[in-house]
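Participant: this one's sequence-less:
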DNA sequence: TGAAATGTTGGGGCG
DNA sequence: ACGCCCCAACATTTC
């Protein structure tokens, strides 16, 4: 007599290696790997276009990997609870396993599903592998939630020590009777699931994630100096893979910290990178403790901030037509690849919020739709940080100068040249401020300002003063 | 995970 | 030689 099968409900843990949920199900015996397309899971933050594209690709990869081990992925469509119950009865499964999700709305959803399953006698097992530090457990000395990164980071370093990653199970045994399934290729055509296209730029899936980490390990020594340079390609680009759980964060941490201990010359870069992983943890931590921050500023005084209602400027920003080359390059990189270098995200976000006074929530929505690594926790943290209204935020008066940021972090202008071809012939000295360039330089570069490339949508030094004035207004009360 | 304004210092030109 | 000024370079303060 065989042990009943277990269903593995895959969500944002689309990998076979170092996946405790999948491993536990496999150890029991036969498994039914399932993905459920339910487009209304998260009412306020339904998956954006870039994210839909990534997901459809990643599921294809997961299906391929499962098939190479004798299994396959079952794609269901509809309400999760009902679909899981149907799948259990079709396959004789008595248990459903999944990896915990931490976005408040999704984790509430999962609790409802759990109740529904348990009410019909199914067993539910929940595993955690999405985070290294359990947000519910970490508190500061006064017993409340951290609001400042550095003490949170120090606390993380105390408790994080991931085990070596476990390889994927070699064989996946399916039960004798199986549930019905859509094909993974059909997902892109489901209603409410609207993918964009970034095929040239990425390899979604576990294999692509492993390629990225091994490439990063080879260049990590340069990360300390080069991570702020969008013109170089020395960041890990792991963010979408981590978001979808195509590689476990504990494996990433483990590999980088091993490198740090065996290669002195890479130590600084490795530490800087691990610190970035802690920012990811911090984002989830804050969202867990302050779930309303996806919509509203953590610092209440910012509710009164005099934001502008300016859809015209917002559209220029979205389309990379602000007249500030670094900002425009970033916004075009985002549109084309579904990703933007972190340093440029800061500059572009700062420009929207501080130079144009457009609410950070609008920027967050645009990023949410465009980013292949769109992640509610990290997106929220980043935008609130930039706007100055969040935890450990940049003080409001810290205003990025898009020209100086460009000259500092894209010194030769290669990043701008790549994404803003109108400026390709501008010399490095002027490429970040074509509006200040001598006429002769513009002529030689074939640039007709205002025609082939826009004049600045707003003058930065004027905008800076305006933002500071707006800030002093909310501060007085 | 800023930048601008303001302050200080020190070398060199020049009367 | 000396004092004065200019200003770059750096440091500090302020937003």
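Facilitator: Received it, and whenever you're ready, just let me know what you need. The structure presented is a predicted model; accordingly, all values stated were derived computationally and were not measured.

Participant: what residues does the stretch 201-350 of chain A put near DNA strand B?
Facilitator: Counting by CB under 7 Å from any atom of the strand, the residues of the stretch 201-350 of chain A close to DNA strand B are A:228, A:276, A:279, A:342, A:343, A:346. C-betas here are computed from N, CA, C, even on glycine.

Participant: secondary structure of the first one: a helix, I assume?
Facilitator: No. Assignment of residue A:228 by DSSP: H, G, I helix; E, B strand; the rest coil gives coil, placing it outside any helix.

Participant: grab the nearest non-local neighbour of the residue of the stretch 301-450 of chain A found nearest DNA strand C.
Facilitator: The stretch 301-450 of chain A approaches DNA strand C most closely through residue A:397 (4.0 Å), counting by CB to the nearest atom of the strand. Using CB to CB, 6 or more residues apart in numbering and skipping the chain neighbours, the partner closest in space to residue A:397 is residue A:468 (6.1 Å).

Participant: before we move on, the earlier item: could you say which helix or strand holds the residue of the stretch 301-450 of chain A closest to DNA strand C?
Facilitator: If you go by DSSP states H and E, residue A:397 is not part of any helix or strand.

Participant: hmm, back to that, burial of the residue nearest to residue A:397, as a residue count?
Facilitator: Neighbourhood size, residue A:468 [other CB atoms under 10 Å]: 14.

Participant: go ahead and confirm it touches residue A:398.
Facilitator: No. Judged on CB atoms under 8 Å, residue A:468 makes no contact with residue A:398 at a distance of 10.8 Å.

Participant: give me the buried positions along the helix or strand hosting residue A:415.
Facilitator: In the assignment (DSSP H and E), residue A:415 maps to helix A:414-419. Going by neighbour count (16 or more other CB atoms under 10 Å), the buried part of helix A:414-419 is A:414, A:415, A:416, A:417, A:419.

Participant: among the residues you listed, which are in reach of DNA strand C?
Facilitator: Answer for these near DNA strand C: none qualify (CB under 7 Å from any atom of the strand).

Participant: what sits against the residue lying closest to residue A:373 once chain neighbours are set aside?
Facilitator: Closest residue to residue A:373 apart from its sequence neighbours, by CB to CB, 6+ apart: residue A:239 at 3.7 Å. Contacts for residue A:239 (CB atoms under 8 Å, 6 or more residues apart in numbering) come out as A:339, A:373, A:375, A:378.

Participant: got it, and residue A:171?
Facilitator: Contacts of residue A:171 (CB under 8 Å, 6+ apart): A:69, A:70.

Participant: what distance do you get for it to DNA strand B?
Facilitator: Residue A:171 sits 41 Å away from DNA strand B, taking CB to the nearest atom of the strand, to the nearest Å as the criterion.

Participant: distance of that residue relative to residue A:27?
Facilitator: To residue A:27, residue A:171 is 12 Å away according to CB to CB, to the nearest Å.

Participant: repeat for residue A:94
Facilitator: 15 Å.

Participant: more crowded one of the two?
Facilitator: Higher neighbour count among residue A:94 and residue A:27: residue A:94, with 15 against 10, using other CB under 10 Å.

Participant: isn't that one up against residue A:125?
Facilitator: No. Contact criterion CB under 8 Å: residue A:94 and residue A:125 do not qualify, at 11.1 Å.

Participant: confirm for me that residue A:321 is in contact with residue A:452.
Facilitator: No. Using CB under 8 Å, residue A:321 is not in contact with residue A:452, being 11.6 Å away.

Participant: name the SS class of the residue of the stretch 151-300 of chain A found nearest DNA strand B, please.
Facilitator: Closest to DNA strand B within the stretch 151-300 of chain A is residue A:279: 4.7 Å, counting by CB to the nearest atom of the strand. Secondary structure state of residue A:279, per three-state DSSP, is helix.

Participant: residue A:350: how many residues sit nearby?
Facilitator: 23.

Participant: among the contacts of residue A:239, which one sits closest to residue A:140?
Facilitator: Distance to residue A:140 across the contacts of residue A:239 (CB to CB) is lowest for residue A:378, with 21.6 Å.

Participant: and the pLDDT at the closest residue to that closest one other than its chain neighbours?
Facilitator: Distances taken as CB to CB, 6+ apart put residue A:283 closest to residue A:378, at 4.4 Å, once the chain neighbours are dropped. With respect to pLDDT, residue A:283 scores 97.

Participant: residue A:377 is in contact with residue A:283, correct?
Facilitator: Yes. The pair residue A:283 and residue A:377 passes the contact test of CB under 8 Å, sitting 3.9 Å apart.

Participant: mind listing residues that contact whichever strand or helix holds residue A:440?
Facilitator: If you go by DSSP H and E, residue A:440 is part of helix A:439-444. With CB under 8 Å, 6+ apart as the contact definition, helix A:439-444 has outside contacts at A:425, A:426, A:427, A:430, A:434, A:448, A:449.
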